[in-house]
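Novice: Model the following, please.
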Amino acid sequence: MWLMGWSADYPDPDSFLRASIWRVRTGWHNKAYDGLVEGARQVMDQEERMRMYQQADRILVEAAPILLLCYGRFDMLVKPWVRKYPTSPMKTWFWKDVIIEPH
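Specialist: Here you go, the predicted structure:
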């Protein structure tokens, strides 16, 4: 048993259900699950992809090879005179773009 974290590299269920490191670390395999996540990444119809990912997620929850203990959260207050403050899901900021207006 160990504690590990994961942040989505891109805003899609694929980043958690297929591409995340937990699949390698746990050694868990399920043919139905694997078929759904591998198939979903090749389907062009977005509604069908989401249905496939939902089915895979249901299998994952029922089999419970991983246990999600917590979800991280990051809050930040930015003064109104700070403009172009970039945010990123990966918590990467590009300070060169920030503009601090006279106040």
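Novice: what does the helix or strand of the chain with the lowest mean pLDDT rub up against?
Specialist: Lowest on mean pLDDT, DSSP states H and E among the helices and strands of the chain sits helix 22-26, with a mean of 80. For helix 22-26, the surrounding residues in contact (Cβ atoms under 8 Å, 6 or more residues apart in numbering) are 2, 4, 6, 65, 66. To be clear about C-beta, it is placed using only N, CA and C from the backbone, and glycine gets the same treatment.
Novice: buried sites along it?
Specialist: Using 16 or more other Cβ atoms under 10 Å as the test for burial, helix 22-26 gives residue 23.
Novice: Format the CA atom coordinates belonging to that helix as CSV.
Specialist: Extracted in CSV, the C-alpha atoms of helix 22-26 (Å, rounded to 0.1, in the frame of the first residue of the first chain):
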residue,chain,number,x,y,z
TRP,A,22,-1.7,3.7,-11.2
ARG,A,23,-2.2,1.0,-13.9
VAL,A,24,1.5,0.2,-13.9
ARG,A,25,2.0,0.5,-10.1
THR,A,26,-0.9,-1.8,-9.2
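Novice: what element comes up after that helix heading to the C-terminus?
Specialist: Downstream of helix 22-26, the first helix or strand assigned by DSSP states H and E is helix 31-40.
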